[in-house]
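*Asks:* sharing a sequence plus its predicted fold:
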Amino acid sequence: MSLKTIIIDDEPLAVSILEKYCKEINDIELVASFNNAVTAASFVQDNPLDLIFLDINMPVLDGLSFLKSLEVKPMVIMTTAHETHALESFELQAIDYLVKPIPFPRFLKSVQRVIQLRKPREVLDHSTTETKSIFVKIDKKKLQKIELNKIVLIESLKDYIRIKTDLGKYIIHKTLSSFTDELPPDKFIRIHRSFTVAIDRIESVEGNSIEIQGERFTIGRSYITEVKSKILQDLIS
């Protein structure tokens with residue numbers, strides 16, 4: 001079944017872009033768009049919805065206040081020009097936090113998250129097989145088995161990567177992008193063009209950096225919104 005969806009945003013251009021994106025996805029049924037939260041409030045009360053794309057900075061009633069006022073909450077994806085309200089949004093159980101201008105691949109990834117969350121739990125459990133280890137070639141002949149829960153981080157060395165684990169370090173001939181794609185996305189996240197890290201090894205987040213095993217790593221500018229979104233979402237899940 002399609003996601004019955006509305007858009008609430010006071011910027012006509014932002015609404016136009018979101019409407020265009022929604023039309024590209026078969027799983028979304030866009031039923032209405034609103035330029036203010038006050039008008040949308042009565043519609044939400046009277047109509048069953050699955051998903052709201054919600055702007056934060058709007059006159060009269062801002063997005064966060066609107067979200068707090070809902071007795072029955074559909075899934076909500078925040079859309080905003082600012083990163084400052086991410087924590088509060090996730091505390092209010094927003095599914096994701098998209099910073100304008102929103103590229104379509106990021107929009108699509110957010111919608112796919114909603115689709116996965118909407119699936120019955122038994123379907124998810126049946127279709128998902130957890131990968132617990134991976135084999136990597138550490139020389140021309142030897143394949144080394146590495147347990148995923150032992151990996152701390154992966155560092156790019158141009159055409160090679162260094163895999164840091166609890167048991168030691170391994171250098172293999174592979175790019176960081178290709179290796180990251182082989183890892184479960186709920187366990188690992190790329191934070192910089194040079195680093196992918198195990199999410200459960202992150203000890204603290206401060207500004208645009210994280211701490212792992214007492215060492216600080218900078219979050220790249222193009223990764224910061226998704227990294228903080230993922231970390232905060234895991235904290236409230």
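*Replies:* Sure, I can see it.

*Asks:* from Asn35, how far out is Cys22?
*Replies:* Noted for Cys22: a distance of 16 Å to Asn35, by C-beta to C-beta, to the nearest Å. Any C-beta I mention is one placed from the backbone N, CA and C, and that applies to glycine too.

*Asks:* neighbour count winner among those two?
*Replies:* Legend: neighbour count by other C-beta atoms under 10 Å for Cys22 and Asn35, higher for Cys22 (21 against 17).

*Asks:* how does the chain divide into domains?
*Replies:* With automatic domain parsing as the criterion, the domains of the chain are listed as 3-125, 133-236.

*Asks:* give me the contacts around the lengthiest helix in the chain.
*Replies:* Determined from DSSP state H, the single longest helix within the chain is helix 104-118. With C-beta atoms under 8 Å, 6 or more residues apart in numbering as the test, helix 104-118 has contacts from 3, 18, 21, 24-25, 27-28, 50-51, 75, 77, 95-96, 98, 124, 226.

*Asks:* now the helix or strand hosting Glu155: buried residues?
*Replies:* Per DSSP states H and E: Glu155 is located in strand 151-157. The neighbour-count check on strand 151-157 (16 or more other C-beta atoms under 10 Å) flags Ile151, Leu153, Ile154, Glu155, Ser156 as buried.

*Asks:* convert the helix or strand just after that strand to PDB, retaining C-alpha atoms only.
*Replies:* Of the helices and strands lying after strand 151-157 in sequence (DSSP H and E), the nearest is strand 160-165. The C-alpha coordinates for strand 160-165 follow below in PDB (Å, rounded to 0.1, in the frame of the first residue of the first chain):
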ATOM      1  CA  TYR A 160      44.100   0.700   0.100                       C
ATOM      2  CA  ILE A 161      42.300   0.700   3.400                       C
ATOM      3  CA  ARG A 162      43.400   0.000   6.900                       C
ATOM      4  CA  ILE A 163      40.900  -2.000   9.000                       C
ATOM      5  CA  LYS A 164      41.300  -1.400  12.700                       C
ATOM      6  CA  THR A 165      39.900  -4.200  14.900                       C
END
